[in-house]
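K.L.:
how would this look folded up:
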Amino acid sequence: MEEFVPAPRAPIGRYETPDTIAGWKALAEGLLTRQTCAFHRNVEISSRYAWINRMLPSCFKWAAMAAIASHRVRLTLYPLRLDPGRGHGIDIPHGHPGRRNLLPTEDVNLIKATNNAIYDDIFWVHVAYVTAEEGIERLRDLLRADRHYAPVLSGFEAIDRGRRMVTDRMASAEAQRRAADLIWSGNIRLLEHEQRVVVQPNFDRLSCASARLVSLGSATSFEVRGVRQEFPYFTAFYLYSLTRGMPHALRTRTWPSITRFDDRWRWIVASVVPRFRRLDADLH
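P.N.:
This next block holds a predicted model:
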């Protein structure tokens, strides 16, 4: 993830501690510049995920996956030529005879809005956790009464338990493995919250044509250099759905779609996460 832009222009002070969710969200938003171009805003969001992951790489697995996913969104949007001259929206270029727009403008803006919503909903929680001596207590104070954030708090509690076990120098190899599993289970809870609560409502609004195109373009390679090195980490939604996922498609008699939560989550859990865990282990 080193290709992402540098750390935030305004580093977070150790004692800069808002006492509300709204305050933390405002702080996280302040780490981004006021980009009128959605493409460049996406670059910054990807960089913030990569930056927060580097602060606690043994625990912040969701942030690493989010950096890669946000980068993939940018690759999807780039050919559409974002136009900073027309406000904050994404404008598909006009005036090219014979050129056919791949996605309706409203669907492209919806994809952009989804990427922004994920950042707004989850990034700040990582910042609040990592900038406190007892980060989990800070999160409990902030999130305990908020039903929306119940899965996020549960995920961070698992991550925190795993983190404490990992730092125990007397822990056995088996205890270390259990700690790694705890950390991953916590991050998967964050991922499920993201997909179910933030992404799915927007995906439900995509047109059928856009849903098919997004499904076709959904692949994860984790940007490993070189085809031979990259292949073990590569996964594509339709490749999985029409091979390992085919029994489910035959049972339900439905064509798989990335915009359907159950289809997407099955692919993420069975293919995307295991490949990222393999890559993470290989790199560390």
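K.L.:
lowest-confidence helix or strand of the chain?
P.N.:
Taking mean pLDDT, DSSP states H and E as the measure, the chain has helix 227-230 as its least confident helix or strand, at a mean of 45.
K.L.:
note down every partner strand of the next helix or strand along the chain from it and its orientation.
P.N.:
Counting by DSSP states H and E, the element after helix 227-230 in chain order, helix or strand, is strand 235-236. Here strand 235-236 is paired, per DSSP bridges, with strand 219-220 (antiparallel).
K.L.:
and the residue nearest in space to the middle of the chain, what is it in contact with?
P.N.:
Centroid-nearest residue in the chain: Ala66, 2.6 Å away (criterion: Cα atoms, centre = their mean). Shown in contact with Ala66 (Cβ atoms under 8 Å, 6 or more residues apart in numbering): 49, 118, 122, 194. Every C-beta, even on glycine, is put in place using the N, C-alpha and C of the backbone.
K.L.:
any chance of the residues you listed in a markdown table, with neighbour count too?
P.N.:
As requested, the contacts of Ala66 are exported to a markdown table (neighbours: other Cβ atoms under 10 Å):
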| residue | neighbour count |
| --- | --- |
| Tyr49 | 28 |
| Ile118 | 21 |
| Ile122 | 23 |
| Glu194 | 22 |
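K.L.:
pull the most distant pair out of those.
P.N.:
Spanning the widest gap among the contacts of Ala66 are Tyr49 and Glu194, at 11.7 Å by Cβ to Cβ.
K.L.:
what average pLDDT does stretch 183-191 get?
P.N.:
For stretch 183-191, mean pLDDT rounds to 98.
K.L.:
list the contacts of the closest residue in space to Asn115 that isn't next to it in sequence.
P.N.:
Distances taken as Cβ to Cβ, 6 or more residues apart in numbering place Val73 nearest to Asn115, at 5.2 Å, with adjacent residues excluded. Listed by Cβ under 8 Å, 6+ apart, the contact partners of Val73 are 42, 111, 115.
K.L.:
got it, and Ile188?
P.N.:
155, 269, 273.
K.L.:
could you redo the last one with a cut-off of 7 Å?
P.N.:
Ile188 is in contact with Val273, counting by Cβ atoms under 7 Å, 6 or more residues apart in numbering.
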